[in-house]
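Asker: Structure here, sequence nowhere to be found:
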């Protein structure tokens with residue numbers, strides 16, 4: 001039986017006899033692996049739909065335990081992302097990051113819409129691309145149920161007060177968020193004491209669409225520190241270590 005679904009290509013692996021395994025994020029089935037013999041050269045509709053940053057329509061059939069793609073066409077292309085080196089590298093990182101986060105064959109409509117929103121925002125953005133990626137990752141935390149605790153201590157659960165943040169905001173990856181002054185003294189794991197307001201930034205990212213963040217850009221120092229924290233947090237809670245494209249950005 002054949003079925004059609006919209007999807008986004010996350011990754012391709014070449015195999016023998018001109019075939020490839022495509023890791024496809026579909027709107028209906030979540031992330032699936034599908035074999036295909038469709039070519040990746042030329043400009044026909046099958047080929048263009050297998051390019052990065054493209055929303056495509058794919059016809060699938062299942063042979064034993066394996067999905068196969070025998071037809072594909074473009075629904076919407078964000079081809080201009082590939083014309084800018086920085087956008088392409090950041091976009092490639094987000095695709096690999098998303099592939100790591102998604103479980104197999106579990107629909108994730110919120111994540112699907114979020115990734116398409118990211119493509120739209122990335123295509124239009126002229127500055128602060130790193131900020132856009134951090135906002136995307138913050139929203140992924142919310143979609144996957146691992147959003148950090150910001151208003152209550154992630155260790156003891158008490159409300160965070162002004163006294164707790166007077167000398168800086170203490171953020172702990174392992175406990176899952178912000179710490180009160182007392183728990184900082186008692187926890188031995190790595191704690192980041194941020195001089196910027198990480199609470200307000202993460203809440204702002206979470207509560208605004210990527211489109212509304214179009215003109216928001218963190219200063220370089222804050223961006224780099226927040227990037228380090230988000231990557232560490234993501235590796236611990238979502239197992240996103242060893243992302244190859246991370247070295248390119």
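Answerer: That came through fine. Quick caveat: nothing in here was measured; it's all calculated off a predicted structure.

Asker: use CA for all of it now, contacts and neighbours both
Answerer: Noted.

Asker: Tell me which other helices or strands the lowest-mean-pLDDT helix or strand in the chain touches.
Answerer: Ranking every helix and strand in the chain by mean pLDDT, DSSP states H and E puts helix 45-48 at the bottom, with a mean of 74. The contact analysis (3 or more CA pairs under 8 Å, 6 or more residues apart in numbering; DSSP states H and E) places helix 45-48 against strand 66-77.

Asker: In what element of secondary structure is residue 231 found?
Answerer: Secondary structure from DSSP states H and E places residue 231 in helix 220-238.

Asker: what mean pLDDT would you report for that helix?
Answerer: For helix 220-238, the mean per-residue pLDDT is 96.

Asker: Buried ones in that helix, by neighbour count?
Answerer: If you call a residue buried by 16 or more other CA atoms under 10 Å, then helix 220-238 has these buried ones: 223, 226-227, 229-235, 237-238.

Asker: So what's the residue count around the nearest residue to residue 227 once chain neighbours are set aside?
Answerer: Spatially, and ignoring its direct neighbours in sequence, residue 227 is nearest to residue 134 (6.7 Å; CA to CA, 6 or more residues apart in numbering). By other CA atoms under 10 Å, 20 other residues sit near residue 134.

Asker: nearest to residue 88, of the buried residues of helix 220-238?
Answerer: Nearest to residue 88 among these is residue 227, at 18.3 Å by CA to CA.

Asker: my guess is the closest one contacts residue 135, does it?
Answerer: No. The pair residue 227 / residue 135 is not scored as a contact, 10.2 Å apart, by CA atoms under 8 Å.

Asker: Show me the helices in this protein, by range?
Answerer: Taking DSSP state H, the helices of the chain run over residues 45-48, 85-101, 109-124, 129-144, 162-165, 181-186, 198-207, 220-238.

Asker: Go through those helices and name the closest to residue 214.
Answerer: Between the helices of the chain, helix 109-124 lies closest to residue 214; by CA to CA that is 6.7 Å.

Asker: what comes into contact with that closest one?
Answerer: With CA atoms under 8 Å, 6 or more residues apart in numbering as the test, helix 109-124 has contacts from 25-28, 30, 53, 55, 78, 80-81, 87, 91, 129, 132, 136, 140, 143, 210-211, 214.

Asker: what do you get for stretch 166-173?
Answerer: Outside stretch 166-173, the residues within contact range by CA under 8 Å, 6+ apart are 177-180, 184, 189-198, 229, 232-233, 236.

Asker: Now the terminal residues of stretch 162-169, how far apart.
Answerer: 10 Å (CA to CA, to the nearest Å).

Asker: Flag every buried residue along it.
Answerer: Judged by neighbour count (16+ other CA under 10 Å), stretch 162-169 contains these buried residues: 164-165, 168-169.

Asker: Now render those as a markdown table, adding distance to residue 119 and pLDDT.
Answerer: Listed next are the buried residues of stretch 162-169 as a markdown table, based on distance: CA to CA, whole Å; pLDDT from 0 to 100:
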| residue | distance to residue 119 | pLDDT |
| --- | --- | --- |
| 164 | 38 | 95 |
| 165 | 36 | 95 |
| 168 | 34 | 95 |
| 169 | 32 | 97 |
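
Asker: OK, contacts around the closest residue to residue 77 other than its chain neighbours?
Answerer: Using CA to CA, 6+ apart and skipping the chain neighbours, the partner closest in space to residue 77 is residue 54 (4.5 Å). Residue 54 is in contact with 8-9, 74-79, counting by CA under 8 Å, 6+ apart.

Asker: go with 6 Å
Answerer: If you count contacts by CA atoms under 6 Å, 6 or more residues apart in numbering, residue 54 has them with 76-78.

Asker: Nearest to residue 153 among those residues?
Answerer: For the contacts of residue 54, the closest approach to residue 153 (CA to CA) belongs to residue 78, at 41.4 Å.

Asker: Read off the pLDDT value for the nearest residue to residue 191 once chain neighbours are set aside.
Answerer: Nearest residue to residue 191, sequence neighbours excluded (CA to CA, 6+ apart): residue 172, at 4.7 Å. Looking at residue 172, its pLDDT reads 97.
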